[in-house]
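Asks: Kindly return the folded structure for what I paste below:
(chains A and B)
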Amino acid sequence: MSFLTPVFLLGALAVALPVLFHLIRRATRRRTPFSSLMFLTPSPPRLTQRSRLEHILLLLLRCAVVGLLALVFARPFFRKAVPDTSPSAARRLVVLVDTSASMRRANLWTAAREQAAAIVRQAAPADQVAVFTFDRQVSPLVSFQQWTAAGPGQRVALVTGKLAALSPGWSATYLGQALIQAAETLADAGGKQALGPGRIFLISDLQEGCRLEPLQGYEWPRNVQVSVQPLKSRPGSNASLQLVSEPDDIAPQAAPTIRVRVTNAADSRRDQFRVGWAQPDGRAFAGTPTEVYVPPGQSRVVPLPLPRGSGILPASVGGQTAAPAHSPDTGAPPSAGKAPASDQEFAPAHYAGPDRILLQGDDEDFDNTVFVVPPETQRLSVLYCGSGPEKDTAQPLYFLRRAFQETRRQAVQLVVRQPAADARLNPALAALSAADLQQPTLLVVADPLPEALADALRSQVVAGKTALFVLRSGAPATTLAAVLGLDRLALEEAAPRNYAILGEIEFRHPLFAPFADPRFNDFSKIHFWKYRRLDAGAIPSARILARFDSGDPALIEVSLGRGRVLILTSGWQPEDSQLALSTKFVPLLYAMLEQSGAPAPLPTQYHVGDLIPLPQAGPGDKSSPVVRAPDGSMIELPAGQTNFSSTLAPGIYTLASAGPPRRYAVNLDAAESRTAPLPADELERLGVPLAPQDAAIALDAQRKVRLQDAELENRQRLWRLCLIVALGVLLVETWVAAKMVRAKVT
Amino acid sequence: MFDVPTPRSAHPPRYGVQAASLIDPRTLMSIRNLELRARVVVEGFWSGLHRSPYHGFSVEFTEYRQYSPDDDPRYLDWRVFARSDRYFIKKFEDETNLRCYVLSDRSRSMAYGSTGCTKADYAATLAATLTYFLYMQGDAVGVLTFDQEIRDYLPARHRTGHLRQVMLALEKPALGQGTSLAAPLERIVEIVRKRSLMILISDFLAPIERLESHLVALSACGHEVIVFQVLDQAELDLSFDEPSMFEDAESGRTFFIDPRSARKEYRRKLQAHCQSLQTACQRLGIACERLTTDRPLELALFGFLRRRMQHKRGPRRMARGSAGL
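Replies: Take a look at the predicted model:
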């Protein structure tokens, strides 16, 4: 028998009272009249001199009443065995261990290993356990199969042994992705056989910088819960260092400084730090550091001038220094007025000098170093073939020269040639030769070319170049036809009534893709006064990228071999249109330049785990690139590999290939420096089904048991029976007592 | 007509009186009329005297003597002859004009009784007996009943109907809430100027610290004082077996008393109390007799007379009606 309120059973101790009353011979109801009590003092009640009780039957009845009343209040019931409706007892457990860079702090990794070991020890023999580590990616450490294959006595050692061989990496924390993957793993494992509920044990420091975006809107599988095992680092101050990227439009002649951001954690207790260039070992400053005051929770940008003697070394070819890297902003190429220099002499420049910046003054040093490799300036060449003075605003050249501005990332050299040497046209301009067509990646033709040059142009286009024909008149029709391989190409002058506008644009084409956004796709403000009409159908493999509102093609793309020919049926100078004066002109030209196969400027700053795109190997280059990692190890890549993925640690990676060596700086993800703990309810807010804590589980189980007991007692209601019996016994006691009194009286 | 109960007594003969001639108080109390009850006692007393071997005692003391052939028949008391069918010569003495006051305690403590006869009944009967006896002798008798204050007062008279009034006063139930001996004694001292016989009947279950001073006052006024302490046998022995809640008759207080454990101490205190009363009376030359309610009243009367005789011992007064006068 069980009791709903067993505390009331203590009332059964009141049974002692009738016993006591029966032992005390005290006729409290008996009264004896006496004349005077002046010679008497009250006597204390005394027990009967006889040790045995009197009126045993009456005593037993009274004791029975007291006991039954105590039983009534204790609410007895018979507990029945409740069938276990829960699913199979075997559980599926996934242990997720954080190995991101933030786990390198203090004692976190040791605590993580201990937590993981404790969890696997508590697993029942029937449970299936898998252990994963995660940072930017999820890596299986012990699979379900490995767990099952190991004997029950070896499983814990298997897990602890593998964890002992691990250490935290340098990657960011992609927590949301890891949780989803673990949940999918549990869902897949549960679908194969009848298993119990799934549980994910998350062992992590749960810092603010962990990425949780994938959890938004994720639908969790049923019967999967997450048990969070947060790790707490020792209290301390942490400040981090990030490189501030410069915009591309900064002029290369700006003062050479590197800007870094110093961010102080919100829970930091320090606010004075030192920042400066570091020695190659990264432990001491190379020079005088800069003192920085950053209050907790704030950040400061600190400009650091490049150390003396450092800077961007000029490009060189065969060891000989070529033209200076920085092009003067005179609007004229460096070689203007001089003998034309081969553009092939320009080789990528590279940075020489301190490559790391150090921060000191906080307690955690895992994020106190930033590696710096300033970006290289990409040098491109564009050929313009046309007549007319350069400073003539009615000529396309005037606008073309001003469209390509040199930046820190990219320097476009405009090579201007006239179709033939003609002193009447422009004695300063050289005549176009076939050799001029080889270097530039984009060839802009505004005037007709001699037949030989047209053929040479065609060859270059077929080899992969891009040629842009600007039909400011119908004159280049012959050249165009020769380049396209046509016998003839009819061009007629079109004169719109007032003006024509672009009415149909292929925004899916890469040329116009940058303008696809509704904010930029309005070309109706560009008026065309004149254009040339041609039959695009007569041109094989022609694709019309833009049409005028009249339906006539405005921009045609023709694929020719490995290159292409772009035909702009109107000039961009003011005489023909407002294109050169519009905001679309420069982006359109840069899009053409990019589509012409010019290599995009390669960034030099990466984060741990990023893929570093490798420069394209030249034709005939069969060598295998080798990457030197920051720890000095050499990683040989297969020939033709286009990217490098083993950026496992921060530092300088040097790519040695057929070309000049390239350096890349790999740094810690800035999010890893946000070491403040995640808000407690953040995971729950994102819909993560958190498992209740052990104490809550125990309480919940107890509550369930109490509810079941209450329901059982409510159905059985044994207290009523006890109450009826108690009343019956009371009646019997009353009758027996009255009978005794009557007997005594008589 | 009334039936005189058959005299019987368990007490040993005293004063030469056969036990069989004494009336058991319980039996006596069955006579509801107080005057009749008193008469029975007195007449019983007389009968005892007649058969008592102590003639001398009775002759010298009593106011009657049995007729002898040489006596003057003018002095025959025909009333006595009518009652007893015997001839007695009534003696007339000037000294028999006695004024007597009976002071009877009517408090509730007197209402206690364990033998079927309460102290109040016994005291009333004793008072009535003495009153009757004295009245028959021609003495003036008055009565004063009291509890915590004076209840009834009748001055000493010897008139027709006065005896009846005295009996009526004595018949009133004992209902007093307390006992105060000071008030009646003070009152008597104030009222009675002439020398009188004061018979004080009470259980004296009250503080008696001031009693002695009042008795002194009485004695100083020339009064003769006789004290009768009436107690119940159960009061003397605390002869109870079962513990119970003892209730005080006057105050109503209740105590849980275990008689077995309280008896010894109770007796000691009661004895000390009674002894202090005796001592106080002895110091003042006052006769003090303790009576229990199971003692026949004849013996009380005998005791009374004996003390009277002791009191009058001195020059013998000449009695009228004696031969040769």
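Asks: Roughly how far does A:Asn521 sit from chain B?
Replies: Separation of A:Asn521 from chain B (C-beta to the nearest C-beta, to the nearest Å): 112 Å. (Each C-beta comes from the backbone N, C-alpha and C, glycine too.)
Asks: I figured that residue was touching A:Arg508, is that so?
Replies: No: using C-beta atoms under 8 Å, A:Asn521 is not in contact with A:Arg508; the gap is 11.8 Å.
Asks: From the neighbour counts alone, determine which of those two ranks first.
Replies: Using other C-beta atoms under 10 Å in any protein chain shown, the more surrounded residue of A:Asn521 and A:Arg508 is A:Asn521, with 14 against 9.
Asks: what's the spacing between that one and A:Phe507?
Replies: 6 Å (C-beta to C-beta, to the nearest Å).
Asks: Quick check: neighbours shared by the two?
Replies: Counting by C-beta atoms under 8 Å, 6 or more residues apart in numbering or on different chains, the contacts common to A:Asn521 and A:Phe507 are A:Phe515.
Asks: Burial check on the residue in the stretch 251-400 of chain A that chain B sits nearest to, number of neighbours?
Replies: Per C-beta to the nearest C-beta, A:Asp267 is where the stretch 251-400 of chain A lies closest to chain B, at 76.5 Å. For A:Asp267, the number of neighbouring residues by other C-beta under 10 Å comes to 14.
Asks: ok, it touching A:Ser233?
Replies: No: contact between A:Asp267 and A:Ser233 fails when scored by C-beta under 8 Å: they sit 10.5 Å apart.
Asks: so what's A:Pro514 up against?
Replies: Contacts for A:Pro514 (C-beta under 8 Å, 6+ apart) come out as A:520, A:587, A:591.
Asks: Out of these, the closest to chain B would be?
Replies: For the contacts of A:Pro514, the closest approach to chain B (C-beta to the nearest C-beta) belongs to A:Phe520, at 111.1 Å.
Asks: The closest one sits in which helix or strand?
Replies: Using DSSP states H and E, A:Phe520 falls within no helix or strand.
Asks: Just give the closest residue to it, not the sequence neighbours.
Replies: Leaving aside its sequence neighbours, A:Phe520 sits nearest to A:Pro514 (C-beta to C-beta, 6 or more residues apart in numbering or on different chains; 7.1 Å).
Asks: so the residue of the stretch 251-400 of chain A closest to chain B, which of the three states?
Replies: coil (DSSP: H, G, I helix; E, B strand; the rest coil).
Asks: Spatially nearest residue to it, not counting backbone neighbours?
Replies: In space, A:Asp267 comes closest to A:Ala676 once its chain neighbours are excluded; the distance is 5.6 Å by C-beta to C-beta, 6+ apart.
Asks: Let's see the pLDDT reported for that neighbour.
Replies: Confidence at A:Ala676, expressed as pLDDT, is 83.
Asks: from the chain's centre, how far out does stretch A:666-679 sit?
Replies: Averaging C-alpha positions (C-alpha atoms, centre = their mean, to the nearest Å) puts stretch A:666-679 11 Å from its chain's average.
Asks: quick one, what contacts A:Pro76?
Replies: A:1-4, A:713, A:718-719, A:722.
Asks: Could you report the separation of A:Leu468 from chain B?
Replies: 129 Å.
Asks: After the helix or strand that residue falls within, heading C-terminal, what element do we hit next?
Replies: Using DSSP H and E, the secondary-structure element containing A:Leu468 is strand A:466-470. Following strand A:466-470 in sequence order, the next helix or strand is helix A:477-484 (DSSP H and E).
Asks: Can you tell me which helices and strands that next one packs against?
Replies: helix A:451-463, strand A:466-470, strand A:553-560, strand A:563-568 (3 or more C-beta pairs under 8 Å, 6 or more residues apart in numbering or on different chains; DSSP states H and E).
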